Structure formats: C-alpha cells, structure tokens
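**Student:** model this:
(2 chains)
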Amino acid sequence: MHTKLTIRTPEAALAQVLDALEHELVEATDEEILEAARDLGMNPMMKGSAAFLGLHYPQAMQWADFFESEELKTELLRSVNLRAETETAPKPKAQRLKRADPAERKNSIDK
Amino acid sequence: MNAVTDAMPQIPQLKDNRILIPSETALALNLIGRMDLLRLKAIARLHARGLPPDITWDDLLQEAFTRVLVGSRRKPPDVAMVPFLAGVMRSLRAQHWQRLCRGAASPATVRIDHPRDLSAEAALCDAASDPEQSLIAQERLDAIYGLFAGDSVVLRIIAGLAEGRSAAQIRAAMKISKTDYASARKRMRRALLREGLTCTQN
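**Tutor:** Below is the predicted model of the structure:
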C-alpha cells in the first residue's frame, strides 16, 4: 500500500493558513476585540482611539498630501510674512549689564 | 448681475474640506459599525501578509469597500457585511498574487469592475511558481508562526491548517479535546487581534 504524499507549495500553504485565520477573525466577538485593544492600551470607545489608525485617513501620507494642501500654503505664507516683518522691524537696543559695585562685590556671599 | 446670484440657491459651506475615504463612507451609511471596522482592519492586516510587497493592508481594505460602494461586488441578502467584505479581500489578495505570478509578461491590472473571482486561477499558478515567490510566501508563513511563538498547541494547529486539514483532523492528529482546541483558537484570535489593531508593518 502506498502512502499518499501531498506536496504543498509555500504559496498554497500560506493561502490555506490565511483563509483559516480570516475565519477566526470574522468570528471574533466585540468583547475579544475590546480585550485585545486593552492589552495594547487602546480604548476603541474613545473618540480618536489609536485602534482606528489607518482607517479614517490613508495610512501612508504622500508628498502631495503635504505640498499641495491649502494648510501648508497658508502656513508657509504666514512664516514668510513673519520673517519679513521681523527683518524690517527696528532692532531693540541691546541692554548693557550694569556692573556691580566693587564694594558690593566684597560683601558678596560667594566670596 | 448681483441680483441673479443672490437669487440662486447657495451651496452651504462644508465644515472642513476633507474627502471621505471608502471606509468612512461605509460607516456613515451604516453599512458597518465601528467594531466591525476594527474587525475588518485586523482581517485586512492578516490578508496583507499574502499580498505582493507593493500593496498595503489599507489599500486592500479601501479597495474592498470601494467595490461594495460602487456596486461591482453585491452582497447577497443572507450574508453579513463583515464576512462578505472579508471574502472580497480574499479574492483581491488572490488577484494581486495572480498579477505577481504573471509578472511583467502580462500588462493586466486588477480592475475595479472585474467581477471574476480569480482565486482558482491563482491556485493553478502555484504549481509553476518561481523560487522568489516561494521564498516570499515561506517568509510570510514564518512570520505568522512567529506571532504564536511559545504556544506549541497553536503552532501545531497552524501547521495542520497549512496542510489543509480540517479542525476534526487536526484534533485527531494532535489528540486534543474539543475544549482545548477551542481555548487554543481563543488564544489565536487574541494574538491576531492584538496584531491586527496596531499599525506597525507586518
């Protein structure tokens, strides 16, 4: 009698495992999700919880998200204006430190 | 001129100019709840372990939502939304893997209005897979085993699943009771959820 030999490629094995584990996650209860979140120090009931990271905004920010945003343009314009204002504003005179009187220095506690 | 524009209905100003992404749209339409969204995040992160490196878990999840929202995937009335979306992600994973198998030889891309489930074709592709893909798959498989390092029962269950065995076959082979098997599954779910709720790279 011959033993039936099954040769599985890693790809097929990976697909089998992923499908089986997906089934486990589909069946996970809300309590199990909350418990796992608590393990991570997350509270999904809280607004803006870290558990929702990547779900409300695209996780990977693109360069365009920064360089084509109105907020960035406004911020850049504001910083340029601020720099221009500080450069044109008259410089305040530097205050000279008043030297302590030699008599006072003699009585100093450091001495 | 001003009188004409004054008479026209004015479009109310939006509070912010943010565009809703598909998952938020589904949430706003009450297609899913917030806990379902977390469940789907964990599933997407799991399936991302079987994706080519150029696709991330959030790409997969938003793509699945998009297909449901645009109507290219229609949920049967007797199927709940979470298992349905999980199935869409599974199918997309197979399509992306198929694209990787074809490589540069075929210019075919995964189309949003493509109704066919290519998982069967992807399975056929396994027989002639190249060593690089096998290596990637083996590394991903090892990473999954790594999630359960130290739990020998769970590791043996996963080894059984990788061989395509059913729960009853695994229990018989491992000689464990239904209760022990159920508690191992619970530990497995906990570890998967813990990994699935984070945003670290797999």
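**Student:** which stretches in the chain count as helices?
**Tutor:** By default, I'm working from chain A. With helices called from DSSP state H, chain A shows them at A:10-27, A:30-39, A:63-67, A:70-88, A:102-106.
**Student:** my question was about chain B, not that one.
**Tutor:** Under DSSP H, chain B gives helices at B:2-7, B:22-28, B:34-47, B:57-70, B:81-102, B:119-126, B:131-147, B:152-162, B:167-174, B:178-197.
**Student:** just name the most buried of those.
**Tutor:** helix B:34-47 (a mean of 24; mean count of other CB atoms under 10 Å in any protein chain shown). For glycine as for every other residue, the C-beta is placed from the backbone atoms N, C-alpha and C.
**Student:** just to revisit the earlier point, and A:Met46, which of the helices of chain B is closest to it?
**Tutor:** The closest of the helices of chain B to A:Met46 is helix B:34-47. By CB to CB, the value is 11.1 Å.
**Student:** possible to save the helices of chain B as CSV with mean pLDDT and distance to chain A?
**Tutor:** Putting the helices of chain B into CSV (pLDDT from 0 to 100; distance: least, CB to the nearest CB, whole Å) gives the following:
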stretch, mean pLDDT, distance to chain A
helix B:2-7, 60, 24
helix B:22-28, 86, 5
helix B:34-47, 95, 5
helix B:57-70, 93, 5
helix B:81-102, 90, 5
helix B:119-126, 48, 5
helix B:131-147, 91, 4
helix B:152-162, 94, 4
helix B:167-174, 93, 9
helix B:178-197, 95, 4
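**Student:** quick one, which of those gets closest to A:Asp30.
**Tutor:** helix B:34-47 (4.8 Å).
**Student:** send the alpha carbons of the closest one over as PDB?
**Tutor:** Presented in PDB, the C-alpha positions along helix B:34-47 are these (Å, rounded to 0.1, in the frame of the first residue of the first chain):
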ATOM      1  CA  ARG B  34     -17.200  50.800  14.500                       C
ATOM      2  CA  MET B  35     -16.400  47.400  16.000                       C
ATOM      3  CA  ASP B  36     -16.900  45.800  12.500                       C
ATOM      4  CA  LEU B  37     -14.400  48.300  11.200                       C
ATOM      5  CA  LEU B  38     -11.800  47.100  13.700                       C
ATOM      6  CA  ARG B  39     -12.600  43.500  12.800                       C
ATOM      7  CA  LEU B  40     -12.100  44.300   9.200                       C
ATOM      8  CA  LYS B  41      -8.800  46.200   9.900                       C
ATOM      9  CA  ALA B  42      -7.500  43.000  11.600                       C
ATOM     10  CA  ILE B  43      -8.700  40.900   8.600                       C
ATOM     11  CA  ALA B  44      -7.100  43.300   6.100                       C
ATOM     12  CA  ARG B  45      -3.800  43.200   8.000                       C
ATOM     13  CA  LEU B  46      -3.900  39.500   8.000                       C
ATOM     14  CA  HIS B  47      -4.600  39.200   4.300                       C
END
